[in-house]
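In: can you look at this prediction? I've put the sequence above it.
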Amino acid sequence: YDGKPLRPVVSYRDYLAWIAGQDREVARVAWAAELAGVDEPTLVAPADAGRGPVVPADVRVRAAEDLADGLREVARTAGVTVNTLVQGAWALVLSRLAGRCDVVFGATVSGRPADLPGVESMVGLFINTVPVRVRLDPAQPVADLLATLQERQAGLMAAQYVGLAEIQRVAGPGAGFDTLVVFENYPRPPAAGRTPGGVVFTPAGGWSAAHYPLTLTVVPGSGLDLRLAYRPDLFTSGQARVLVGRMLTVLEQIAAGPAQPVAQVTITAPAERDVVVDAWNDTATDLPEATVPGLITAQAARTPDAPAVIDGTVVVTYAGLEDRAARMAGFLAGLGVGPGGRVAVVMGRSAGLVAVLVGVMKTGAAYVPIDPGYPAERIAFMLADASPVVVVCTQATEAVIPEGVPVVVADDPATAAVVEAGPAGPVAGPVAGGGAYVIYTSGSTGVPKGVVVSHRAVVNYLAWCGRAYRGLGGVCLWHAPVSFDAVVTTLFGALSTGGCVHAAGLDEDLPAAMDAAGISGYSFVKITPGLLGMLGLLPAHCSPSGQLMIGGDAVPAAAVQQWRDAHPRVAVVAHYGPTETTVGSADYPVPDGELLAGGLVPVGRPVANTRLFVLDAFLQPLPAGLRGEVYIAGAGLAEGYLGQPGLTAARFTACPFGPPGGRMYRTGDLASWNHEGVLEFAGRADAQVKVRGYRIEPGEIEATLAACPAIAAAVV
């Protein structure tokens, strides 16, 4: 202090007058335009509507001076401030926390308009909190992202005086957020000591807090100080430290390569990446070069007289099944069925259906299962799309086949006599890489799609089943329609391991069917979660005594616990996998004694020769605890969608986590790894739903409704 008089302070009234002179409607329009298209708030904290105020805790980290110097150099080169760089880095972190590419967070602004003379020395409250929106384009260089962000923020400076509540009113729910970024670019106070004028300055320090669940404060200096304040009732100190570490990881990547695309910036540390990509996917096992009928033939040679299929009171041995299937294959080969072809099968559950399925595969063709209970239009579409050489049906199902389609009525006496008298076996047989079956699933574009699955994929799955599910070697309940790929587990899983399949159904009088067949109980039953309650209503001997597999949809923990309480000695396993990855890609054997509370049973760990990845929107692997989309790679991947190369390319994408040429399937399921390497389901990335295990795409229903002349638009 030099003793000279201080300049008069400009009155706060001047600021109020400036506010009164602003065109508030122009500012409102600017904020509404900036946040247009954001439909929901960007939230990362656990939901808790009843939480009260708490004193926040914090973690503090200082970035190294060389990192701070590198960031300042990047900012200078890109023509942006370090504040903008910090905001861009937080957006990259936040996008992974929130699972979206268009994020909004809060930022404090000085609130002192540059066009108001003397505002820099005015005494009063000016600081405001405003939303910052960042849209992340995976192909955009990071430096361009920062430049765009700063340009947008500069364009809003004239509207930064508008209060947050008013901004959120005009912009809607997309202006909501629960994280705040504070960049304290204040003049630094002098160190404690005596100035030449004799006045002693002693920084007293201070402490501030915000009500947001997460508040990141960055203070530039010789290094870069980061402070993350957090609500201790929502986050742990360990979680907060990890978040700060992720912010530093992103800052280091920006400093090292501002020209790299946004998609290449990851929040996952190298050690974490090694765990989620490699260690938790270490599932490689030897895979035999075999086919599905080859496995059944080998089992028939081992146990020719053992029961293979029970149909009513009829028991078909393995030798009998092998003979029936071989003669059916010879008959079909005489009709021109062979490798690369397809045979549609429209039959109900029976021993005859099993012989037909195995017989079709013996020719080298793929079977196309069609539920005879489907609507006529759907059956007609599937037959037209699959272009089968022939359709095999029964006298009971022949009526649902459209006219003009070549048909074989398997139980017609004349046809049966020809099959019985004919040769056993085709000239050409199946190969491991050939198609085993084509199963149709619902289509989001309005058209069902046929999933082509190879013998190699099915054999990989069956080999895993034989090792993991010992109950398949006993008596197994087959209750699902053949068009549902859960049948692959029960039917072929049993027949490749020496088990016996009972063709019955939960929608029939199951106790009476068991009595007629002389079955006292089942060693293995596979059902969807929606049928668990129905199974619990049946007599105890109808439930499995060995293993219960639940799959086809998310598995409610409470329902499983209730069932286990009544059947404590039965092993329960949750099974996960879409049709495109051959029935099952992961499982979770519920440990004995584990008490399942509310929520869902975990998805589990990958099966043999299968890898699961939880990826962000930029196909970067996410660490444990963060939700992303599930991608599946490995031997179980289907060949693709029949006759739909574009859709196949969109869903079966290149896999960057293995040798060149690998593929992975985008499931649309959301999940996260827990810290034990178990996958936990978290919902869907789209509107798809499951009904009794069947995939339902609302888009398909909408397209069908909209095709009606009297309907202009439809929403499901």
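Out: Happy to help now that I have it.

In: I'd like the average pLDDT over stretch 176-192.
Out: Stretch 176-192 shows a mean pLDDT of 78.

In: kindly report the same for stretch 148-159.
Out: Mean predicted lDDT for stretch 148-159 stands at 93.

In: and the strands in the stretch 301-450 of the chain, which stretches?
Out: Along the stretch 301-450 of the chain, counting by DSSP state E, counting those that start in this stretch, strands occupy 307-311, 314-317, 342-346, 366-369, 390-393, 407-409, 435-441, 449-454.

In: report all helices and strands that the longest one contacts.
Out: Strand 435-441 is packed against strand 366-369, helix 376-386, strand 449-454, helix 455-468, with contacts defined by 3 or more Cβ pairs under 8 Å, 6 or more residues apart in numbering; DSSP states H and E. Where C-beta positions appear, they are placed from N, C-alpha and C, glycine not excepted.

In: ok now that strand, how far from the chain's centre?
Out: Mean C-alpha position of strand 435-441 versus that of the full chain (Cα atoms, centre = their mean, to the nearest Å) differs by 22 Å.

In: what's the angle between that strand and strand 449-454?
Out: Strand 435-441 and strand 449-454 are oriented at 160 degrees to each other (axes from the mean of the first three to the mean of the last three Cα atoms, to 10 degrees).

In: where does this protein have its least confident helix or strand?
Out: strand 193-194 (a mean of 54; mean pLDDT, DSSP states H and E).

In: returning to that earlier point: got the helices and strands packed on strand 435-441 as TSV, with mean pLDDT columns?
Out: Output for those, formatted as TSV (pLDDT from 0 to 100):
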stretch	mean pLDDT
strand 366-369	98
helix 376-386	94
strand 449-454	96
helix 455-468	97
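
In: residues near Arg231, how many?
Out: Applying other Cβ atoms under 10 Å, we find 22 residues neighbouring Arg231.

In: that one contacts Pro56, correct?
Out: Yes: here Arg231 reaches Pro56: they are 5.9 Å apart, a contact under Cβ atoms under 8 Å.

In: just give the number of residues close to the residue lying closest to Ala558 once chain neighbours are set aside.
Out: Closest residue to Ala558 apart from its sequence neighbours, by Cβ to Cβ, 6 or more residues apart in numbering: Gly598 at 5.7 Å. Using other Cβ under 10 Å, the number of residues around Gly598 comes to 8.

In: sec struct for Gly598, please.
Out: coil (DSSP: H, G, I helix; E, B strand; the rest coil).

In: quick check: it touching Ala559?
Out: No: counting by Cβ under 8 Å, Gly598 stays clear of Ala559, with 10.5 Å between them.

In: which ones are touching Gln299?
Out: Gln299 makes contact with 318, 495-498, according to Cβ atoms under 8 Å, 6 or more residues apart in numbering.

In: and if you look at Gly474?
Out: When contacts are counted by Cβ under 8 Å, 6+ apart, Gly474 touches 499-500, 522-524, 546.

In: mind checking how far it is from Ala306?
Out: 11 Å (Cβ to Cβ, to the nearest Å).

In: low pLDDT regions in the chain?
Out: 1-3, 49-50, 186-203, 426-428, 444-446, 692-693 (pLDDT under 70).

In: any chance of the backbone angles for the residue nearest to Ala457 when sequence neighbours are not counted?
Out: Leaving out its chain neighbours, the residue that sits closest to Ala457 by Cβ to Cβ, 6+ apart is Thr582, at 4.4 Å. Phi and psi for Thr582, reported as degrees, to the nearest 10, are phi 60, psi 70.

In: could you tell me how many residues sit around Thr582?
Out: Around Thr582 there are 30 residues (other Cβ under 10 Å).

In: same check, this time on the one 5 residues further on
Out: Other residues near Asp587 come to 22 when the count uses other Cβ under 10 Å.

In: contacting residues for it?
Out: 468, 573-576, 604-605, 607.

In: closest to Ala703 out of these?
Out: Tyr576 (28.2 Å; Cβ to Cβ).

In: farthest pair in the contacts of Asp587?
Out: Ala468 and Tyr576 (13.4 Å).

In: neighbour count winner among the two?
Out: Neighbours per residue, other Cβ under 10 Å: of Ala468 and Tyr576, the larger number sits with Tyr576, 31 against 18.

In: next one: phi and psi at that one?
Out: According to degrees, to the nearest 10, Tyr576 has phi -130, psi 140.

In: that one and Ala586 touch, don't they?
Out: Yes: taking Cβ under 8 Å as the definition, Tyr576 is a contact partner of Ala586 at 4.5 Å.

In: need the overlap of contacts for the two.
Out: Counting by Cβ under 8 Å, 6+ apart, the residues touching both Tyr576 and Ala586 are 603-604, 679.

In: nearest to Ala355, of the residues you listed?
Out: Gly604 (34.2 Å).

In: mind listing the residues bridging to the residue nearest to the closest one when sequence neighbours are not counted?
Out: Leaving aside its sequence neighbours, Gly604 sits nearest to Tyr588 (Cβ to Cβ, 6+ apart; 3.0 Å). Beta bridges link Tyr588 to Ala574 when assigned by DSSP bridges.

In: right, and Tyr588 touches Val678 too?
Out: Yes: the criterion here is Cβ under 8 Å, and Tyr588 meets it with Val678 at 6.8 Å.

In: among these two, which residue is more densely surrounded?
Out: Taking other Cβ under 10 Å, Tyr588 and Val678 do not tie; Tyr588 has more neighbours (20 against 16).

In: how about that one, what does it touch?
Out: 573-574, 576, 601-605, 678.

In: one more time with 10 Å
Out: Counting by Cβ atoms under 10 Å, 6 or more residues apart in numbering, Tyr588 makes contact with 550, 555, 572-576, 601-605, 678-680.

In: ok so, going back, got any residues that touch both of Tyr588 and Val678?
Out: Shared contacts of Tyr588 and Val678, defined by Cβ under 10 Å, 6+ apart, comprise 602-605.
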